[in-house]
Every structure is written in C-alpha cells, then in structure tokens.
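Q: mind folding the following:
(chains A, B and C)
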Amino acid sequence: MSKTAGCCQNCLHYVFDYETTKTLVIPSTLVGCVFRLAQLLILLYTVGYVCVVQKAYQDTDSVISSVTTKVKGFSLTNTSDMGPRLWDVADYVIPPQGDKSFFVTTKMVVTQNQVQSRCPQLPSPSTTCVDDCDCTEGYSNPRGSGIQTGLCENYSTTVRTCEVFSWCPLEIDTMPPKYAMLTAAENFTVLIKNSITYPKFNFHRRNILPHINSSYLNSCEFNRATDPDCPIFRLKHIVSEAGEEFQDMAVMGGIIGIIIDWSCDLDWWAGKCYPKYSFHRLDNKDPDHTVAPGYNFRFAKYYKTPDGEETRTLIKAYGIRFDIIVFGTAGKFGIVPTIVNLGATLAFLSLIPAVSDWFLLTCMKKRDLYRKHKVTYLSDDAHTESVSD
Amino acid sequence: MSKTAGCCQNCLHYVFDYETTKTLVIPSTLVGCVFRLAQLLILLYTVGYVCVVQKAYQDTDSVISSVTTKVKGFSLTNTSDMGPRLWDVADYVIPPQGDKSFFVTTKMVVTQNQVQSRCPQLPSPSTTCVDDCDCTEGYSNPRGSGIQTGLCENYSTTVRTCEVFSWCPLEIDTMPPKYAMLTAAENFTVLIKNSITYPKFNFHRRNILPHINSSYLNSCEFNRATDPDCPIFRLKHIVSEAGEEFQDMAVMGGIIGIIIDWSCDLDWWAGKCYPKYSFHRLDNKDPDHTVAPGYNFRFAKYYKTPDGEETRTLIKAYGIRFDIIVFGTAGKFGIVPTIVNLGATLAFLSLIPAVSDWFLLTCMKKRDLYRKHKVTYLSDDAHTESVSD
Amino acid sequence: MSKTAGCCQNCLHYVFDYETTKTLVIPSTLVGCVFRLAQLLILLYTVGYVCVVQKAYQDTDSVISSVTTKVKGFSLTNTSDMGPRLWDVADYVIPPQGDKSFFVTTKMVVTQNQVQSRCPQLPSPSTTCVDDCDCTEGYSNPRGSGIQTGLCENYSTTVRTCEVFSWCPLEIDTMPPKYAMLTAAENFTVLIKNSITYPKFNFHRRNILPHINSSYLNSCEFNRATDPDCPIFRLKHIVSEAGEEFQDMAVMGGIIGIIIDWSCDLDWWAGKCYPKYSFHRLDNKDPDHTVAPGYNFRFAKYYKTPDGEETRTLIKAYGIRFDIIVFGTAGKFGIVPTIVNLGATLAFLSLIPAVSDWFLLTCMKKRDLYRKHKVTYLSDDAHTESVSD
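A: Residues are numbered from 1 along each chain as shown, chains lettered A, B, ... in the order given. A predicted model of the protein is given here:
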C-alpha cells in the first residue's frame, strides 16, 4: 500500500490514516495520584451535584393549570341598622363563580337607599364653608364625593359644608367598625380543585389524587400532618399557616396566597407527583410603607322604587382575597441537556492533563528529567535542523 | 534570536513559542475508519438531533397573552314556574365582561322571593325532630341551611324538622332536573380574540391573522379541516373535540380548556407563527374520585319590595366553564445556546482519540508495535536516565 | 519498585503511572501569536459576552405575582334619557373587586325596562315582512334578537317587521353615539399594588418600594421622568404612553396592557430589583382585519316591579379594559450553568491546537521541517518495523 502512491491514494491516506499523540509514561505515584484525584473530583461533581442534586440531565416544562373553588359556610350578624341577618355563600363570596381568586367578605360599610341628588359633603378641612362663596359650582375634588353645586349647606347644626351632586346620602366611611362583622368566616371551608398539565410531556394531573374517594372528601379537612392530600381548607387554618391571625386580618382585609407547587420529577414513578400547598400573606400590612392598607372595594346593588326611580345600596366590602397561585416545573430525562452537561464536564477533564503537566514540570524534584523527555525544543536555526533533545 | 537570551526574551519565548504535540501516524485503515465513524456519528448527532430536531441553538421565551371572548346566541326555555323565557348573553354568561374564563349557564335551580326569616329545614336524618328538645338554639350545621332557632316545626303534614333562621324559602336542590334547560346553548358561538407577546424577541401577534378580513370573520366558524384560522367557535364543536357530549355535560356542568399553543420558531419567516387550538375537559367526571362532580355555583339577584324589604332570587347555576389557556415557547437563534451546544459536542469529539487509542492498543494485532512507537516508558531509575523505547 | 513486578503492582502502575503527551516546541512567533490570539478571543467571548452581557452563569426563575387595583374618580353625565347623573367607582368599574384586569366604562347604550314579551324586530333586510307568511314561528336568527312568533307587526307607520319573543323593548344599538359619555374618565387614577415572588430564590418584593412612605403615596402620580416609582397612574397618561388618544379610544373601547417587567439580577444588591412599567394597546384597532373592533360587552341589572314581574336594564358598555401583565426572569449565580458555559468554552479552547497545527503544517514556510519533527510516520511494513522519521 505504501508503494503505490497515486493522488487518490494519498488523499485516502490523509482521511483514514490514524494520527495519535506520542506519549511518555512517568512512573511517579504523586503525579499519578494528583491526576486521578482530579479526575475523580470532576466525576463526583458530575454524578453527585449535576445529576443527583440539580438533575441537570432533565428537560423542563412549566405548568399550565385550571382552578375551581367552592366556599361553604354561613354567618349570622346582628347590627343595629340591618337587624339579624344570615349571610350565605351567595352573599359574601365575590365573584360567585369560584375562580382561582375569590374574596370572602368579613366587614361591610353599607349605605342604603342612595339616589342621585344633592347633599352636603362630609365635614373635612377642604369641604367646610361659611357661605356660598367658598364653594365652586362644578368643581370636583378627585378624592371627594361628587360635583359641587356651589351652595353651602348645613351638614349639622354646627357645621356647614359645600353641597355636592352625587349618590346621596353619602357613605360615611370615616369611622369603620374596628371589628369584623362576619366573625364566623374563619370557620368557612373552601374546596379547591386544581387540574394541571405539563404540555411538553403530555402529563395531566389533578390535586384530588386517584387514591382519594368521595366519602373521604366529604369529611376531610386539610392538615399538613394528618391530611396533607385533602383539598378542603378551613379559612382560619389557611390564614394561620400564613402567619396571621384571622380576626385581626378580617378587620381591614388583606390578600392571602394559596400557593400550590407542582414541581415534579417525571422520570420516576409519576404517581409521586403530588401538589405541595403553602400559604403566604401577599399584601403589605405595614401601614407606614403602603397606601390604603388592607383590602376593600366598593360595589353597589341597584334597585328601582315603585315609581321607577333608581336607587342603590353602596357596599364597601372589607375582606380577605384568596389568590390561588399554581406554579411548578417538571423535569424528565432529555438527551440534549444530558449531552450538554456531560460534554461540559468532559471539557473540564481535558483540562486536567494541562494542570498535571504544569505540576510535573514545575513542582517535581525530577522536573528537568521529565522535561528533557517530554518536551523537544526545535532550534530556530533551520539550516542546521538541529534539535535539542 | 536563540543566541541572545535575556530574561525578558525568555519570558516572551514562554508566551509565544508554540508548543504542539508530537504525533504518530498509523496507516491502519481499520482504526482510521473507527475514528472517522465516531467523528461522523457525533457530527450527525449535533447537526441532526441537536440542531434540526431539538433546535438547541435557540434562545427561548415564554408567551404573555391577553384574551377577550364574546359569546353569541339565545335560548328559549319553558318551565312550569317561570313560563316561557328567552335567555340572552346578558342572562347566561357569567362574568359578562368576556375574560379568558367564561361560564355559560345550561341549567338552573331558581329559588325566588327569599327573605331573611324562619322556616323549617329540608327533611334529612340530621334535621328531623320530634319536639323542640331535639333542636338546639343557635346551632348551625356547616352543611345545613341556617342557624337553628330551637323550635321544631311541621315541614309537611308528616314530617317535623328543626326551624332555622335563614333566607327562606330554602333552596330545594335535592332533586335538580336531570336534563339541561338551555339546550340551545350547544349552538352558541364564541369569538376569541387573543393577542400575544414574546417580550425577549419583541414579537407581537394576534390570533386573527393578517390575511383574514372582516367579511370572512362575519361568516366563518372554526373547523380543524376547513377553517383552522377562524376564531369563532361553536360550543358544541368545542365540547365534542374535547371528547364529550354537550347535552350530557350540560346536565351537571364541567370545565373545558380551550388551549391555544403559540409555540413558534422565529428564525424563519415569522408569518409561520400560527396559533394551534386544542380542547380538553379539565374537571374529573368520574364521581367516585371527586366531590361535587360537575361545575355549579350559587349567586343571587337582590330586589327590594315596595315597602323596602330586601328579597333575593337565589340561583344555583350549572353550566360549562370555558378556560382559555394560552401557552407557548418561541425560539430564536442565540449565540450562547449555540456555543454551549457546539462546545459540548466538541468535548465529545475530544473523547474519541482516547477511545481510538484504547482500541488501537488492546484490540489490534500489531498492538505491541504501535505501543512501542507511541508510548515511551520513562524508567524510574533516574540516575541512569535510561528510557525504555 | 520496578524490580518487584507482581500482578497487583502492574495494575497499580496502570492506574497511577502518569501518561503525558510528548511535545515539540516551535520558536515561531507567528504561530505563537495566532495561537495566543485565538485563546484570547475565546477568553474575551467567555468573559465579555457570556458572563457580562448574557449572564449565562446564572440560574433563572420566572415570576409569580399577585395584583390588586383601585380606581378613583367620578364623572358627571347629562343625557336626555337619564338626566344629570354622577358615576362613581361602583358604577363604572367592572368587576368591582380590583383584580389584575379591570374595565372602565366610557360609553353605554342603556335599554331600560325590558320585560319578557313580544315586539317587532328592528328593521333590516332579513327582518322586514309584508304579512305573516314571511315570518316563521319558532325561527331564530343567531345574530337576531329573539324567537319569531310568526306574526308580522308594524314597527313604525311605514315598516313592518317579524315579531319576536324576547326582552322587549329591544336594544337599539345600530346608532351608538360617536362620542364617549364619561369624558372625565381620562382623569381617573388607578393604584396598582403588585407583589411578586421568585420561588426558586425565595425572593419576595412589592412594587411599592421600601423607601416610599405613605404620605408620598397620597399625592404622587406616575411619571416616567419625575416619579418612576409611584404606583398611581392617571388613565390618560397610560393610554397616551401606549400611543393612543384617550377620547378616541373611549368611543369604541379597547384593551390596554399595563406591563410590569420584574427582570432582575439577584446577584448584586437585591434592592436594585425594581419594576419597569410599559404600556401597549393589545387589541387591533384596524377595522379591516378584525371583527367587532373595540371592546364592549352587555350586562343587565335585574329589578322587580311591585307586582313581582322581573324587568331588567340592559347595558351595552363600551370602555377600556386594562390588563396588568406581570412578567420577568430573575437570575442568580448557579454552579450548573457556570460549569456548563465554562466547559463549553474550554471545549473551544481545545479546538485551537488543531487549528494552529493545521496552520503550522500548511501555511508556514518551514512546514516540512516542522512536520518532520512533529509527525512520525509508522511504516505499514510491520516486519521491518521501520519508522520514517
């Protein structure tokens, strides 16, 4: 084969001759140990940290989810202006349809029988007046309660304020009660149904696990220790796991996050993919660094009087909003991340000979001997073609 | 240059002299082929799997989206207690504002003219009584219907039950009708407008594609085969693509996910980035492993009688909730993932000589010859400086 | 050690003898420079682009968030059919509870006192008739307004249309006003409270930053230049930053995305993690390539007449829906991505000798000299064991 030397032959030689490095074996146990130890460390890191701890060999996908909620319970209130009144789900849950965010009313400022008309504003430094000159017709304070008519009227026997055109009587929310009305709300329960999908892995699951039957569901209540799989939560339990006191929070309202973590390792038995619940307060209860602390909003019920005039009942509802936040990342063996992580580790393995050689040629006693055999200096005097060996 | 040997010169030599490995060329076609084949395999994997199939050279981003929906259609019902009644969108869609989750009512249990008062509970093992001693004043069963007054009253001529304070008359939901009321709901249509953004790539798109004009939109209806781009969906079609029968599902209600997949490859003509629709039932219809199967919720309409008393109509609405779930990942060429994936593959290429050498020195017939020329053993007897060549 | 040569000894030799490549040093400044330059380039890429620009050494996580909104302001309208009327938050914000998506009404088509009854349809080519034969009892056009009774009635003195059973009187929405009603809506303000979490890094933050106190919050208004941290936004400002004119948009309605970008680098002082606000119009305002341009929906308020009949006021509300879209990716130093990126770069470093060797052996003048000393050709004639050196 080496005799005939055609062009094509040469070319094939070029492609198929195997070119390998010449090596020198040095019987130094020290360098050998350093070399093997470094290899071992990188191997341990790869197997131990990358594969076992970080599961970097996995493809990942984010969860998509659908949630329904159903609150149960009722509460009796007995206030001077409304008398005894029973509140059921249709009264205190807003919105009613059981979305992933629901609000449970705990306190209300109710202003009944409002009609479009004129009335003196509530007294405050900016609304009190002496006579009509202090009031500007058509002026409206964005934080006020209506459009000024330009008249100054008696609010009480001692105070006169500018009259406004608005829904009258005006809401008096300057002194909201310091206690919750629907105190029984802490014992309301909520059933949370959550169905999730990891689209990349075509993986579907519900938070009501397959081994749970309906008779258990009719009687259970979530408890981290005894019933971690029960999807029925007592509101008081949710709030206390979030580190708050229900009755305190009920006074000014607030927002609680019910966080469902669906992080899963889908490589092993997928039945191990369970939801993990946790609870956090999401709003800032520190009144110094927020505005409008707590959580409340206003809505109205509209009525018509027999003679066709529209009236409304304005309700400023305080309460706790529960936001169900579903998140999670599923991992499953993927060839690309595996290759990438193994490859990156291999690259570090290829770094070891460089380090070992440096150690060999600078730190060892016999470094000159080693250097003499390992490294050949090609002299620059090309005409002599001398090689310092 | 080799004559003058100052310190700086030496240092420059160290930096700029080029150190290369000495190699041995072995004219073995077998080893050469094994070597080239391994290189080819890794190259093929890189080009084929990593680049073409997995598109690992791409940066990715997750979609953010905004959805509006608009339902059209009406249905006539004729029940004994309400007489003939036409239901339009404002009556049966909850909430009305066309969010990404909307509910279409298909059945209702309506309890009219409820007022806060006292009435005997519905008969059940826990509510029947013989005399007042069986009833506890102030007691309320969480699954009951109000606060017991302590009296035992005639529910009918044969049954006596504990009286409760509640919204009376109580809702009788023990025998909900076994058929849907708004049977025409299956022919309602819904227009879905979806606008998405991939913020990392500053890419915006709508599900109403640019080539679609408004006259087409006024008459089209989604069909996977003939009109895959029409954003108007017939509810029956959605439910049947999810593998369910609309009229069956309408009886107890349920949740259907309308899943819009915006997975896109933005490297090529971005106009290819189309939404893909799919439909899944999200709730569990198996009554054995769930509680409260189907989907329903209660809400109330509040009225005032001419003498100012508040009454309400309690509605337990069964129906289908449609959740529009938008997901997707866009990929676009990114230098970092490309480098990482190429680098990882290169690392594997560097593994090949090690494997080929092992093959060369253990499996080949002429392995001793090869070893003799490739490997130099440095003898440990340093004083003799003998080298076994 | 080399004298005693037991089997185990041999094995240990195999493991602990250090095998290193034999190298040839070539004093060519050109090749040395090319080699060092290539190394420098790869190093610069790694440090500069991968680490500084792309921060590829970081683990990333996606944001989960909770939003509340509170709109303030009121508007006076004076229309012929409703007279002067003041609109406050409870009237124009839908839904009222301050979710991450809220709708501000700007225009309404109100149809009062609808009852279930019969009335002639609005005239249109498909509804006009000459006598009863033109109308089909029980027929309903999906885009019509009710179920035909089969009668042809006088709509006006000149036009006869098919009578329908429906909520009558029918809504007349063929000529909605060309101007917004609640013109003062542009001066409404909205307070947005947003609390976010990066669960992987256990990082929580609110858009009301710690250094902001409540007195500032009571008076500030968002302005990109002067008040970029104020969470209170004037609706007109939002719309104009989205490139639209509020009064134009108010006529037909539309959807504005309030986009909060929480992209953060958590490696440095985390206090630098601020929300960045931007505003975009999300719906398509081009009427040629959409259907039902703008944004509107219908809802009803239900009343009862003194004799118990149900009536409703149908409202077709036009307005602007504000969708608050929170997104973001946080990055924090992670050992796995660092290793992967460094490893991939190292792999490129290992490519350099191959390139340099090719350059050395093909482009240099002294390439034959270099080749002679670098490469040893093992002759195929194994019996002679000749080596062409």
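Q: from here on, just use CA atoms for contacts and neighbour counts.
A: OK.
Q: check contacts around A:Trp167.
A: Going by CA atoms under 8 Å, 6 or more residues apart in numbering or on different chains, A:Trp167 touches A:Gln114, A:Val115, A:Gln116, A:Ser117, A:Arg118, A:Gly146, C:Leu86.
Q: parallel or antiparallel, list what pairs with the host helix or strand of A:Asn113.
A: Per DSSP states H and E: A:Asn113 is located in strand A:101-120. If you go by DSSP bridges, strand A:101-120 pairs up with strand A:93-94 (antiparallel), strand A:160-168 (antiparallel), strand A:310-327 (antiparallel).
Q: single out the most deeply packed of those.
A: strand A:160-168 (a mean of 26; mean count of other CA atoms under 10 Å in any protein chain shown).
Q: partner strands of the next helix-or-strand element following it and their direction?
A: For strand A:160-168, the succeeding helix or strand toward the C-terminus, using DSSP H and E, is strand A:189-198. Note on strand A:189-198: by DSSP bridges, its sheet partners are strand A:64-72 (antiparallel), strand A:203-206 (antiparallel), strand A:232-234 (antiparallel).
Q: list the residues that contact the residue of the stretch 201-350 of chain A found nearest chain B.
A: Shortest the stretch 201-350 of chain A-to-chain B distance, computed as CA to the nearest CA: residue-wise this is A:Gly343, at 4.1 Å. By CA under 8 Å, 6+ apart, A:Gly343 lies in contact with B:Gly343, B:Ala344, B:Thr345, B:Leu346, B:Ala347, B:Phe348, C:Gly343, C:Ala344.
Q: show me which of these is closest to A:Val53.
A: Among the contacts of A:Gly343, C:Gly343 lies closest to A:Val53 (CA to CA), at 19.0 Å.
Q: for the closest one, phi and psi?
A: Main-chain torsions, C:Gly343, degrees, to the nearest 10: phi -60, psi -40.
Q: grab the nearest non-local neighbour of it.
A: A:Ala344 (4.1 Å; CA to CA, 6 or more residues apart in numbering or on different chains).
Q: and for A:Asn223?
A: A:Cys230 (7.7 Å).
Q: count of neighbours near the one you found?
A: Residues contacting A:Cys230 under the criterion other CA atoms under 10 Å in any protein chain shown number 22.
Q: re the thing from before, turn the contacts of A:Trp167 into a markdown table, including pLDDT and neighbour count.
A: Shown next, in a markdown table, are those (pLDDT from 0 to 100; neighbours: other CA atoms under 10 Å in any protein chain shown):
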| residue | pLDDT | neighbour count |
| --- | --- | --- |
| A:Gln114 | 93 | 20 |
| A:Val115 | 93 | 17 |
| A:Gln116 | 92 | 19 |
| A:Ser117 | 92 | 14 |
| A:Arg118 | 92 | 18 |
| A:Gly146 | 87 | 29 |
| C:Leu86 | 90 | 20 |
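Q: closest one of the residues you listed to chain B?
A: A:Gln114 (12.9 Å).
Q: how's chain A carved up into domains?
A: A:15-57+A:334-374, A:62-121+A:170-331 (automatic domain parsing).
Q: pLDDT of the first one, averaged?
A: Over the span of domain A:15-57+A:334-374, the pLDDT mean works out to 82.
Q: so the residue lying closest to A:Asp286 once chain neighbours are set aside is in which element?
A: Of all residues not flanking A:Asp286 in the chain, A:Pro293 sits nearest, at 7.5 Å (CA to CA, 6+ apart). For A:Pro293, there is no enclosing helix or strand under DSSP H and E.
Q: what about A:Pro293, neighbour count?
A: 17.
Q: ok, back up a step: wait, the residue nearest to A:Asn223 sits on A:Leu217?
A: Yes - assessed by CA atoms under 8 Å, A:Cys230 is found in contact with A:Leu217 at 6.9 Å.
Q: which regions of chain A lie under the pLDDT threshold?
A: A:1-14, A:269-271, A:380-389 (pLDDT under 70).
Q: which residues in it form helices?
A: Assigned by DSSP state H, chain A shows helices spanning A:7-16, A:29-44, A:89-92, A:214-217, A:235-241, A:246-252, A:335-349, A:352-362, A:367-374.
Q: and the contacts of the third one?
A: What that stands for is helix A:89-92. Here helix A:89-92 makes contact (CA under 8 Å, 6+ apart) with A:71-74, A:96, A:103-106, B:298-300, B:314.
Q: tell me which of those is nearest to chain C?
A: Chain C has its nearest neighbour among the contacts of helix A:89-92 in A:Phe103, at 8.2 Å by CA to the nearest CA.
Q: what about the closest residue to A:Gln148 other than its chain neighbours, distance to A:Arg143?
A: Closest residue in space to A:Gln148, ignoring its immediate chain neighbours: A:Val164 at 4.1 Å, by CA to CA, 6+ apart. Distance of A:Val164 to A:Arg143, computed by CA to CA, to the nearest Å: 13 Å.
Q: what's the closest non-adjacent residue to the residue of the stretch 51-200 of chain A found nearest chain B?
A: Per CA to the nearest CA, A:Ala90 is where the stretch 51-200 of chain A lies closest to chain B, at 4.6 Å. Nearest residue to A:Ala90, sequence neighbours excluded (CA to CA, 6+ apart): B:Phe299, at 4.6 Å.
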